[in-house]
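A.B. asks: fold the following for me, if possible:
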Amino acid sequence: MGEFYKNNISFSFFPISGIIIQLIKKYGKKSVTHPCCRKLLSVNGLERMKLIYESSYDELKNELASAGLKTFAADQVFQWIYGKNIQDINEWSNISKPNREILSNLFDTRLITVLNTSTDTHNTKKLLFELEDKNKIEGVIIPEKHHYTFCISTQVGCPLKCGFCATGALGFKRNLTTGEIINEVLLLKKELPDYTGKINIVLMGMGEPLLNYPNLKKALEIITGEKGMGISPRRVTLSTAGILEQLKKFEKDFPNIKISFSLNASDSRMREELMPITKTEKLESILDYFRTTKMHRKHRVTFEYVLLKGVNDSIGDAKKILNLVRGIPCKINVIPYNENKQLGFRTPSEETVVAFSDFLFSKGHTVIVRWSKGKGIRSACGQLAGEE
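C.D. replies: Predicted coordinates:
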């Protein structure tokens, strides 16, 4: 048996020839010819084993059945990797040693690498992750009064090129896989080893989540599934610039997950300048969708409005917002801009922020001013750029 180490965790593996002999002894020659074992043979060389986090519960159950394991083994595996957050197969004590050996040769259980951890004075923590291809993403832990919030990424970079966002300035490299999205949550949880309370998840990190919908959907099914991490979908929020057809699919698939829409402008012309996606995904169409589907939505839409000094922060802009959101059950998050040196926008004064939010509040809207945490470690809204 061989052994390697990753992040001070020992992982064991058996030579391919040895495990095939064991499989033949236990299940007969025919079992070695099925697809699962052909995958085992292909591990020899440059190809690697499948990351276990890429498998849904049903997929894992079928893969384990093909390898000769009982179907309940999928429940055991999910409990170890998601319920207990233990990835070392050697520690899966309620699974027999022969079955652990089979699992070791079927799946790679390693997590992505944590390159750096930064903490600010408010205990907001940013983790810089390195992926297998050396691309980098970031995730953030935000302490709240009665819970923690995890901000996770869905893409390496972002293709939307919003003018005020550091992630957009990076350009787009690729979508995250299902496993990489899940790895972020598992590694953020490892930063809170003794915490057993509630966790909120906001899909507000790097990237536009709805442009990576197939991988995101599968990840969320594991994150919110009873057999997976068991985080209530009501504690999950998706933030989007508005990819309408994918938004419709998302709300159908996940009716209990909250929607946060990045508005950031008081009219379509301004929004096209700040957020070029508006040229193809029309603001009016998205707002009409929210308006006409309000009876079927289980929660209010949140409108995110990044306040940019001298651009969109006047009382006149606030008046226009009232017309935009008319007829939509909503709350409005006003976010004073978090400055990025490479971008030309500035944070408005506190007086301007208060006047803007007070005006909207006086017209009957729920308004929350989000003075972002994590600015000192560049982990606040719009600052994530995959940097140490």
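
A.B. asks: contacts only, for the spatially most central residue of the chain.
C.D. replies: Centrality entry for the chain: nearest residue to the mean C-alpha point is I152, 3.9 Å, by CA atoms, centre = their mean. By CB atoms under 8 Å, 6 or more residues apart in numbering, I152 lies in contact with 139, 181, 184-185, 188, 201-203, 205. Every C-beta, even on glycine, is put in place using the N, C-alpha and C of the backbone.

A.B. asks: out of those, list just those in helices.
C.D. replies: Residues from these lying in helices, with DSSP state H as the criterion: 181, 184-185, 188.

A.B. asks: whichever of the residues you listed end up buried, select them in PyMOL.
C.D. replies: Per 16 or more other CB atoms under 10 Å, the buried members of the ones in helices among the contacts of I152 correspond to this PyMOL selection:
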select buried, resi 181+184+185+188
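
A.B. asks: which among the ones in helices among the contacts of I152 gets closest to S268?
C.D. replies: I181 (31.8 Å; CB to CB).

A.B. asks: please tell me I have it right and that closest one contacts N215.
C.D. replies: Yes - at 6.6 Å, I181 counts as touching N215 under the criterion of CB atoms under 8 Å.

A.B. asks: shaky segments in this protein?
C.D. replies: Along the chain, segments meeting pLDDT under 70 span 1-48, 372-388.

A.B. asks: overlap in contacts of I181 and N215?
C.D. replies: T154.

A.B. asks: Y337: how many residues sit nearby?
C.D. replies: Y337: 24 surrounding residues under other CB atoms under 10 Å.

A.B. asks: swap in K341?
C.D. replies: Neighbour tally, K341, other CB under 10 Å: 6.

A.B. asks: just the one 10 residues further on next, same as before
C.D. replies: Residues near E351, counting by other CB under 10 Å, number 8.

A.B. asks: adjust the sequence numbering to begin at 488 for everything that follows.
C.D. replies: With 488 as the first residue, the last one maps to E838.

A.B. asks: and it, which helix or strand is it part of?
C.D. replies: For E838, the host element (DSSP states H and E) is helix 837-849.

A.B. asks: gap between that helix and the chain center?
C.D. replies: Using CA atoms, centre = their mean, to the nearest Å, the mean C-alpha position of helix 837-849 is found 31 Å from that of the whole chain.

A.B. asks: mind giving me the packing neighbours of it?
C.D. replies: Using 3 or more CB pairs under 8 Å, 6 or more residues apart in numbering; DSSP states H and E, the elements in contact with helix 837-849 are strand 788-794, helix 802-811, strand 817-823, strand 853-856.

A.B. asks: list the buried residues of the third one.
C.D. replies: What it means is strand 817-823. For strand 817-823, by 16+ other CB under 10 Å, it's 817, 819-823.

A.B. asks: just confirm I688 contacts S726, I think it does.
C.D. replies: No - counting by CB under 8 Å, I688 stays clear of S726, with 11.1 Å between them.

A.B. asks: how long is stretch 740-753 from one end to the other?
C.D. replies: Stretch 740-753 has its terminal residues 30 Å apart, counting by CA to CA, to the nearest Å.

A.B. asks: mind listing the helices for this structure?
C.D. replies: So, for the chain - with DSSP H - the helices run 503-514, 522-529, 544-553, 560-565, 584-593, 653-657, 665-677, 700-711, 731-740, 755-761, 770-779, 802-811, 837-849.

A.B. asks: select, out of the ones you listed, the one closest to T600.
C.D. replies: helix 665-677 (9.2 Å).

A.B. asks: report the inter-axis angle for that closest one versus helix 700-711.
C.D. replies: Interaxial angle of helix 665-677 relative to helix 700-711 (axes from the mean of the first three to the mean of the last three CA atoms, to 10 degrees): 40 degrees.

A.B. asks: what helices or strands is helix 665-677 leaning on?
C.D. replies: strand 612-617, strand 623-630, strand 635-638, helix 700-711.

A.B. asks: chain center to that helix, what's the gap?
C.D. replies: Relative to where its chain is centred, helix 665-677 has its mean C-alpha point 8 Å off (CA atoms, centre = their mean).

A.B. asks: ok, stretch 604-615 next?
C.D. replies: 18 Å.

A.B. asks: likewise stretch 633-652?
C.D. replies: So, by CA atoms, centre = their mean, the centroid of stretch 633-652 is 8 Å from its chain's centroid.

A.B. asks: and it, end to end?
C.D. replies: 29 Å.

A.B. asks: okay, the ones in helices among the contacts of I639 in CSV with distance to K571 next?
C.D. replies: Rendered in CSV, the data for these read as follows (distance: CB to CB, whole Å):
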residue, distance to K571
I668, 20
E671, 18
V672, 14
L675, 16
